[in-house]
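Q: test case, fold it:
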Amino acid sequence: MFHRQLNTTDYLKILQRRWWLIALPGVLLATLAYVGSLFIPNTYTSQTLVLVEGQQVPDEIVRPIMTETLNMRLVTMQEQILSRTRLQPLIERFGLYRNQVGKMPMEDLVAQLRKDVKVTPIHTDTSNYRGLPGFYIAFTADSPRLAQQVCMEITSMFTSENLHIQEQTAQGTTDFLKSQLDDAKRGLDEQDARLAVFKKKYIGQLPEQAQNNLAMLGSLNTQLNAVTANLSRAREDKTYVDSLLANTQAAWEAQQQNAANGGASPQTIDQQLTALQTQLTQLKARYTDDFPDVVKLKNEIARLSKQEQDSEAATPATTTTAEHKSTLEPQQVQALKAQRHVIDQNIAELAQEQGRLQKGIHDYESRVQLTPSVEEEFKQLTRDYETALKFYNDLLAQKTRAEMATDLQRRQEGEQFRIMDPANLPEKPTYPNRPLIAAGGGLGGLVLGLAVTFLLELSDKSLKSESDVKMCLQMPILALIPWSSTEEARHGWRLLKNRSHSAAPGAVRA
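A: Next up is the predicted model:
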C-alpha cells in the first residue's frame, strides 16, 4: 500500500477484508483465558463492619482518657493483632494454607495471612463529625466458611484489644496519678511542717498579728504613762511623809528628853501642838477632812490638848511610870511609819510594773520592727505551701476523674467497637472473576489482531481502489477494467502496471 491519507471508507474495507484476522485472536485468547481461569483456585472474602461508639457519659462529666486519635490507635492495634504471635495460632487452629504448610517457612505463611487481612477505615464527609466513624475488616480464604470464621475471630481480636488498651490506659493513668499524688502529699506535708515551725519560731511576729502588736504597743504605752504618773505621785507622797515623820519624831524626842528631866512642860506640848497644827494645815491643803492622815492629826491634836490640860492639874507621876511612858512612840509616829511602809510597797510595785511594761514595750517594738522581714519569709513559705496545695488538689481531681474513667471502662460505657454487620458467608468467589478474565483475554486478542492487520496492510503493495491507482500513476483514470480471475488477465494487469511506471505522463487509453 502506498502512503496516502486513509478515510473511513478505507478502514471499513480493511475490516471487511481482514475481519477474520481480527476476530480469531480475540476469540482464541478469550477462550484460553477462561479455560486458564478454571485452573485458578477460588478464593472467598468475608467482610464485617465495625462502628465506633462514643462513651455514653458526656465528656463534661467524665473526660476521655484516650489521647491519641482512633486512626493512630487503629494502626497500633493492627500492628499488634497482625503480629506473628497472634497470627501463627490462627494458622494452626483453623488449618490455613494447608497446601503450603511444611513447604514454606512460617514467616512466609504469616506474611501471606497478613496480606489476606484488610482493614479499611471509613471516612465521612460530614464536617461536624470528628474522628473515625468505623472501619471494615475483610479476610480472604479458599473456603467461604473458613473466611467467615477467621474474619469473625480477627474482629473479636480487634474489639477485645480495644477494651484491653482502654482499660490498661485508664489503669495506668490512675496508677501514675496515684504515685504523683503520694509525692505531692509528702511535699505538702513538708511545706506544712516548715510553716508550722516558722509560726512557732516567730509566734507573735506573724504578719496577721501586726495590727494586734501595734494595738498592744499603744495600750502598753498608755499603761506605762499611767504607772509612771502614779509612781511619781507615790514618791512625792513618800517625801512628804518622810518630812512629816521627821518633824513628828523630833518633837517626840524633845518631849521625851523633857520628860526625863522632870516631865513635859506646857511649853513643849505647845510646841508639839504648833507643829501638828502646821502639818494639819498642809494636809488639808492636799486632802479632804475625811482623809485618814487628817483624821489622825486631828485626834493627836485633841489628845495633846487634853494632855496639856491634865498635866497642869495632875501631880507628877513616879519616875518609873514616866520612864515606861517615855519608851513608847506616839501613835502619830507609828501611823506615819506605817504610812511610809505602805508607800514604799506601792512604789516597789509600781516600779516593778513599770519595768514589766517597759520590757513588754521593748518586745512589741522588736516584733513591729521585725515584721517586714518576717512577712517576706512568711510570704515565701506561704507561696510554696499554696503552690504545693494547688498541685495536690489538681492531682486529686485528676485522679478522681481517672478513677471514674476506669470504672466507666469496666462498665463498658466508654468508647467501644460495636459490630454493625457481622462477618458474612460469601456465596460466590471474589477471585478469580472468570467473565472478567475472559473479557480481558478477548480484548487482548482483538488488540493483537488489529496489530497484525496493521502490519499486513503496511506490507501489502497491491492496488485495491481507484484512489490507490491515482496515487500510483499520478494520472486521471478514463476507464476501469473489471477484475478477472484468469491467469492471462492477471498477467496482463501486471504488464500494464509495470508499463505505467515507465510511461511518460499522459492519458491512459483503454
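
Q: packing partners for the lengthiest strand in the chain?
A: Determined from DSSP state E, the single longest strand within the chain is strand 44-53. Applying 3 or more Cβ pairs under 8 Å, 6 or more residues apart in numbering; DSSP states H and E, we find strand 44-53 packed against strand 134-141, helix 144-201, strand 416-421. (Each C-beta comes from the backbone N, C-alpha and C, glycine too.)

Q: show me the contacts for L188.
A: For L188, the contact set (Cβ atoms under 8 Å, 6 or more residues apart in numbering) comprises Y385, A388, L389, Y392.

Q: can you check A23 too?
A: So A23 contacts L446, G449 (Cβ under 8 Å, 6+ apart).

Q: kindly report the same for L90.
A: So L90 contacts L96, L113, V150, E153, I154 (Cβ under 8 Å, 6+ apart).

Q: if we use 7 Å, what do you get?
A: Applying Cβ atoms under 7 Å, 6 or more residues apart in numbering to L90 gives the contacts L96, L113, V150, E153.

Q: helix or strand: which one has it?
A: Following DSSP states H and E, one finds L90 within helix 84-94.

Q: quick one: average confidence on that helix?
A: Averaging the model's pLDDT scores along helix 84-94 yields 89.

Q: again, but for stretch 213-226
A: 85.

Q: in it, what counts as buried?
A: Neighbour-count burial for stretch 213-226, counted by 16 or more other Cβ atoms under 10 Å, picks out N213, M216, L217, L220, Q223, L224.

Q: any idea which helix or strand carries the second one?
A: Assignment of secondary structure by DSSP H and E places M216 within helix 210-260.

Q: list the buried residues of stretch 426-442.
A: P426, P429, P432, R434, I437, A438, G441, G442.

Q: before we move on, what about stretch 233-249?
A: Residues of stretch 233-249 classed as buried by neighbour count (16+ other Cβ under 10 Å): A234, D237, K238, Y240, V241, L244, L245, N247, T248, Q249.

Q: stretch 355-367 too?
A: L357, G360, I361, D363, Y364, R367.

Q: report the distance from it to the chain centre.
A: Relative to its chain's centre, stretch 355-367 lies at 51 Å (Cα atoms, centre = their mean, to the nearest Å).

Q: ok, residues contacting that stretch?
A: So stretch 355-367 is in contact with G204, Q205, N213, M216, L217, L220, N221, Q223, L224, V227, going by Cβ under 7 Å, 6+ apart.

Q: just send the residues you listed back as TSV, with distance to N299 too.
A: Listed next are the contacts of stretch 355-367 as TSV, based on distance: Cβ to Cβ, whole Å:
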residue	distance to N299
G204	55
Q205	59
N213	54
M216	48
L217	49
L220	43
N221	44
Q223	38
L224	39
V227	34
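
Q: out of the residues you listed, which two sit at the greatest distance?
A: Q205 and V227 (25.5 Å; Cβ to Cβ).

Q: sorry, back to before: what about the contacts of L188, which are in strands?
A: Using DSSP E, no member of the contacts of L188 falls within strands.

Q: what's the lowest-pLDDT member of the residues you listed?
A: Comparing the contacts of L188 by pLDDT, Y385 comes last, at 83.

Q: doesn't L195 make contact with that one?
A: Yes: taking contacts as Cβ atoms under 7 Å, Y385 lies within contact range of L195: 5.4 Å.

Q: list the buried ones in stretch 386-395?
A: Buried-residue list, stretch 386-395, by 16+ other Cβ under 10 Å: A388, F391, Y392, L395.

Q: then stretch 295-304?
A: So for stretch 295-304, counting by 16+ other Cβ under 10 Å, buried means K296, L297, E300, I301, L304.

Q: so which of the helices and strands packed on strand 44-53 is nearest W19?
A: Ranking these by their distance to W19 (criterion: Cβ to Cβ) puts strand 134-141 first, at 41.6 Å.

Q: output the closest one as CSV, nothing but the C-alphas.
A: Below are the C-alpha coordinates for strand 134-141, written out as CSV (Å, rounded to 0.1, in the frame of the first residue of the first chain):
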residue,chain,number,x,y,z
GLY,A,134,-15.8,3.0,61.9
PHE,A,135,-13.9,0.5,59.7
TYR,A,136,-14.2,-2.6,57.6
ILE,A,137,-12.4,-5.9,58.3
ALA,A,138,-12.1,-8.4,55.4
PHE,A,139,-10.4,-11.7,55.1
THR,A,140,-9.9,-13.8,52.0
ALA,A,141,-9.6,-17.7,52.1
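
Q: quickly run through the sheet partners of that strand, with directions.
A: strand 44-53 (antiparallel), strand 117-122 (antiparallel) (DSSP bridges).

Q: ok, the contacts of stretch 355-367 vs Q166, which is closest?
A: Distances from Q166 to the contacts of stretch 355-367, taken by Cβ to Cβ, are shortest for Q205, at 55.7 Å.

Q: run a quick neighbour tally on Q282.
A: Neighbour count for Q282, taken as other Cβ atoms under 10 Å: 14.

Q: change the start of the numbering to 46 and stick with it
A: With 46 as the first residue, the last one maps to Q327.

Q: any idea how far it is from Q377?
A: 14 Å (Cβ to Cβ, to the nearest Å).

Q: cool, K435 as well?
A: K435 is 81 Å from Q377, by Cβ to Cβ.

Q: low-confidence ranges in this structure?
A: 46-51, 99-113, 169-177, 249-250, 303-316, 330, 353, 355-374, 454-460, 505-555 (pLDDT under 70).

Q: tell me how far the lengthiest helix in it is from the chain's mean position?
A: Using DSSP state H, we find that the single longest helix of the chain is helix 376-455. A distance of 38 Å separates the centroid of the chain from that of helix 376-455, by Cα atoms, centre = their mean.

Q: with stretch 130-141 instead?
A: The answer for stretch 130-141 is 44 Å, by Cα atoms, centre = their mean.

Q: which parts of that stretch are buried?
A: L132, L135, I136, F139, L141.

Q: and if you look at stretch 157-170?
A: Neighbour counts using 16+ other Cβ under 10 Å place L158, D161, V162, V164 of stretch 157-170 among the buried residues.

Q: for L251, give me its contacts.
A: Here L251 is in contact with K244, V419, F423 (criterion: Cβ under 7 Å, 6+ apart).
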